[in-house]
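>>> Take a look and give me a structure for this.
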Amino acid sequence: MSEADLGVLKVQKELFKSSRKEAPFYILGIGAMFAGTQLSLLTSIIFGRFVDEVIVPKDASRFWLYPILFLLATLLLSFMNYCNRYFNDKGGYRTIYRLRDQMFKKIQSQSLNYLSTETPGQVLAKTTSDLDVIRSYLSRNFRVGLNALYYYISIGLTIYFIEKQFLLVYFTLLPILFIISAYYGRTVRPIIKLRREEFGKMSSDIQEKVEGIEVIKAFGAEDIETETFRQKAQNYLDLYLKTVIIRNLSIPLAVFIVSAASVLVVIQGGILIINGTVAGLTVGELILLNLFMLQLRTPTRLFGNFIVGINSVTISGRRVFSLLHSEEDIKDEPDAKPLIIQEGTITFDDVSFSFDGRIKILDNLNFTIEVGKTVAILGSSRSGKSTLIQHIPRFYDPTEGRILIDGQDIKQVTVDTLRKSIGIVTQETFLFSRSVRDNIAFGKPDATDEEIKEAARLARADEFIERLPQGYDTIIGERGITLSGGQQQRLAIARCLLVRPKILIFDDSTSSIDAKTEYELHKEISGLLEGRTILIVTQKLSSVRFAEKIIVLDEGEIIEEGTHEQLMENRGIYKEIVQTQTTFQLEKEAIAKE
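Here you go, the predicted model:
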């Protein structure tokens, strides 16, 4: 379901479905709100009776009765207002708690292809500010809309029972108020939509600048980036102020019209009382009618807030519910079975892949990685290396062809068992802002301290961990910012080794590790991982020498395949890469000796 499919009514329907479990809270809150409205009107009636039965006849016998009744009604009104806010707020927050949980699960289950279309800032805006708009609507804006309608009906009925002639003023006034509200809603809706989009852009910009602060400082670009952000913030402010201006013109205009109507009521009523045209119309009733007309300012303001709320929640609801109802690209087939790995043989059978259906990133790949073998995949940037290995754990599905593990089509097995059988050290190392221990044990939360330390030792990470302020309990900062690139990669490798998967994938995972440490690392884990299938994606020859088979990619196609010796004899791209890197290394060593 796309955003375009979600109109005002469909968004309201989704909101009611999402808040069904909290219905008792909303019912209690709205019931208290209606009672509060009646008590508010009752205070005006008490005042009118006080004028007619005490002030006008100068009867002091019941002088204290009406003030006491007024105070009791006001006290009860305060209690009802408390219940109104408490139950509606409780319902709103509980609904948003569940919606946020559902959204997070949905985001976690989406494919990389889907997430690549959303910036982190947009996703963050949906799970925070958009949900806050929905919470505000459920807790406040929806009930104030109902309250405005209830106010209008109650005041209209009261005027009817006091004196029908005044209904002409009342029913002339209502269409004018509704026209102003409708104009306001139609005007602010597109502005609110643009405002939500600008907020997402601003959030993305903040996140990007925080993550890239080192580059910004390195190039002395603080002023430029500050000005870029200021422009986005200014765009958001301009849109917000447009909404404020329209609102501050519309609502005061409506309130002025209501006040003018109350003056007409006083004039009309005064003439009727003076001339004695209407029998039974008292001064207290005229004051009461005027108070009711003035009280129309309350539902008018409430209805204005409701219009703002329903426009805002429609925009935010579209963004939230389009995500919640989005189809998952990668999901279990109805008859999917658990993956059972006996050996770990991987077969690519005529596999092709394209993001847009036109340009092929992978083109007709056919190869087999036999059990217990280490295979290296080489190629230039954008040759499709990372995309290839991302197909094995089903981060993407092939456009054509199939991938088999021990003869089992990976699309016919459950995603959970597939991914738990594969260990991946990604090209871009990601560490959580947690302790070193928690990062290593991420894939195996119940791991013992001995298992964690052994994995760190195998990854050649134990020495630097012990030198950290709190050792394995040291909080490493967001994305591992407090560690060097090599240290981050070693922790990522330790995290992978801890789970002892049947298939291991190293996606350029030693690019920041020096040659000596890399050699010791491969030597150490080669014995530990004997019998497991290993894929190494790299551009470093030092990593390739451990492979028993080398696959060379170029523009998504396999152009060479074989052992190091075989490929050197072919005199193809692989040999060119070897010669280039060898020459570079020799020149580097020569410079170092000078």
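>>> can you give me the strands in the protein?
Per DSSP state E, the chain carries strands over the ranges 346-354, 360-369, 374-379, 400-405, 408-409, 422-425, 503-507, 533-537, 549-554, 557-562.
>>> Could you pull up the residues touching the closest residue to Val320 other than its chain neighbours?
Closest residue in space to Val320, ignoring its immediate chain neighbours: Asp130 at 5.3 Å, by CB to CB, 6 or more residues apart in numbering. Quick note: C-beta positions are derived from backbone N, CA and C, even for glycine. If a contact means CB atoms under 8 Å, 6 or more residues apart in numbering, then Asp130 has 196, 316, 319-320 as its contacts.
>>> Which one of those sits in the busiest neighbourhood?
Each of these was scored for neighbours by other CB atoms under 10 Å, and Val320 scores highest at 27 neighbours.
>>> Kindly state the domain boundaries assigned to this protein.
Following automatic domain parsing, the chain resolves into domains at 3-324, 334-421+501-594, 425-500.
>>> I'd like to know which of the strands of the chain is closest to Leu76.
Closest approach to Leu76 among the strands of the chain (CB to CB): strand 422-425, 63.8 Å.
>>> on that earlier part again, let me have the domains of the chain in CSV, adding mean pLDDT as columns.
Formatted as CSV, the domains of the chain follow (pLDDT from 0 to 100):
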stretch, mean pLDDT
domain 3-324, 83
domain 334-421+501-594, 80
domain 425-500, 84
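>>> Could you measure from the residue nearest to the spatial centre of the chain over to Arg100?
Nearest to the mean C-alpha position of the chain, by CA atoms, centre = their mean, lies Thr127 at 2.9 Å. Distance, Thr127 to Arg100, by CB to CB, to the nearest Å: 6 Å.
>>> for the domains of the chain, which one ends up most surrounded?
Each of the domains of the chain was scored by mean neighbour count; the highest is domain 425-500, a mean of 18, by mean count of other CB atoms under 10 Å.
>>> Can you give the distance from it to the centre of its chain?
Centroid displacement of domain 425-500 relative to its chain, using CA atoms, centre = their mean, to the nearest Å, is 28 Å.
>>> Also stretch 314-324?
For stretch 314-324, the separation from the chain centroid amounts to 10 Å (computed by CA atoms, centre = their mean).
>>> what's it in contact with?
Stretch 314-324 is contacted from outside by 1-3, 5-8, 11, 14-15, 99, 102-103, 106-107, 125-126, 129-131, 133-134, 189, 192-193, 196, using CB under 8 Å, 6+ apart.
>>> and what of stretch 565-573?
550, 552, 554, 559-560, 562, 574-575, 578.
>>> ok, now with 6 Å
Residues from elsewhere that reach stretch 565-573, judged by CB atoms under 6 Å, 6 or more residues apart in numbering: 550, 552, 560, 574-575.
>>> go on, stretch 159-179?
156, 254, 257, 261, 264-265, 281, 285, 289, 300.
>>> want to try a markdown table for those, with distance to Gln539 as columns?
Below are those laid out as a markdown table (distance: CB to CB, whole Å):
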| residue | distance to Gln539 |
| --- | --- |
| Gly156 | 78 |
| Ala254 | 68 |
| Ile257 | 73 |
| Ala261 | 79 |
| Leu264 | 84 |
| Val265 | 84 |
| Leu281 | 94 |
| Glu285 | 90 |
| Leu289 | 85 |
| Thr300 | 69 |
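>>> Quick check: of these, which lies closest to Ser383?
For the contacts of stretch 159-179, the residue nearest Ser383 by CB to CB is Ala254; the value is 64.8 Å.
>>> Now do the contacts for the closest one.
Ala254 is in contact with 177, 180, 300, counting by CB under 6 Å, 6+ apart.
>>> again, but for Gly379
Neighbour list for Gly379: 385, 553-554 [criterion: CB under 6 Å, 6+ apart].
>>> Now distance to Glu118 too, for those residues, in JSON lines please.
JSON lines is the format used below for the contacts of Gly379 (distance: CB to CB, whole Å):
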{"residue": "Lys385", "distance to Glu118": "25"}
{"residue": "Leu553", "distance to Glu118": "28"}
{"residue": "Asp554", "distance to Glu118": "31"}
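>>> Distance check, Leu174 against Gly145.
15 Å.
>>> go on, Thr347?
Separation of Thr347 from Gly145 (CB to CB) stands at 61 Å.
>>> got the contact list for Val11?
314, 317.
>>> coming back round to it: out of the contacts of Asp130, flag the one nearest to Asn113.
Closest to Asn113, out of all of the contacts of Asp130 and judged by CB to CB, is Arg319, at 19.3 Å.
>>> gap between that closest one and Lys193?
10 Å.
>>> what's the answer for Val263, then?
39 Å.
>>> which one of the contacts of stretch 565-573 is nearest Ala23?
Using CB to CB, the contacts of stretch 565-573 come closest to Ala23 at Val552, 62.5 Å.
>>> picking that back up, give the single residue among the contacts of Ala254 positioned nearest to Gly121.
For those, the nearest to Gly121 is Ile180 (35.7 Å; CB to CB).
>>> Would you state the helices of the stretch 1-150 of the chain in chain order?
Ranges of helices in the stretch 1-150 of the chain, per DSSP state H, counting those that start in this stretch, are 8-18, 23-50, 65-109, 112-115, 120-125, 131-136, 142-162.
>>> Dump stretch 314-324 to PDB, restricted to CA.
Provided in PDB are the C-alpha atoms of stretch 314-324 (Å, rounded to 0.1, in the frame of the first residue of the first chain):
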ATOM      1  CA  THR A 314      -3.100  12.300   7.300                       C
ATOM      2  CA  ILE A 315       0.300  13.300   6.100                       C
ATOM      3  CA  SER A 316       2.100  11.400   8.900                       C
ATOM      4  CA  GLY A 317      -0.300   8.500   8.800                       C
ATOM      5  CA  ARG A 318       0.400   8.000   5.100                       C
ATOM      6  CA  ARG A 319       4.100   7.800   5.800                       C
ATOM      7  CA  VAL A 320       3.700   5.400   8.700                       C
ATOM      8  CA  PHE A 321       1.100   3.100   7.400                       C
ATOM      9  CA  SER A 322       2.600   2.900   3.900                       C
ATOM     10  CA  LEU A 323       5.700   1.500   5.700                       C
ATOM     11  CA  LEU A 324       3.700  -0.900   7.900                       C
END
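>>> can you give me the angle the longest helix along the chain makes with helix 142-162?
Counting residues, the longest helix found in the chain (DSSP state H) is helix 222-275. In terms of direction (axes from the mean of the first three to the mean of the last three CA atoms, to 10 degrees), helix 222-275 departs from helix 142-162 by 10 degrees.
>>> mind checking how far helix 222-275 is from the chain centre?
Worked out by CA atoms, centre = their mean, helix 222-275 lies 32 Å from the chain centre.
>>> Also stretch 168-179?
42 Å.
>>> Check stretch 333-349 too.
Taking CA atoms, centre = their mean, one finds stretch 333-349 lying 33 Å from the centre of the chain it belongs to.
>>> and if you look at stretch 181-189?
27 Å.
>>> quick one: contacts of it?
For stretch 181-189, contacts defined as CB under 6 Å, 6+ apart pick out 243, 246, 250, 303, 307, 311.
>>> Show me what the closest residue to Pro398 other than its chain neighbours bridges to in the sheet.
Closest residue to Pro398 apart from its sequence neighbours, by CB to CB, 6+ apart: Val351 at 4.7 Å. Taking DSSP bridges as the rule, Val351 bridges to Leu365.
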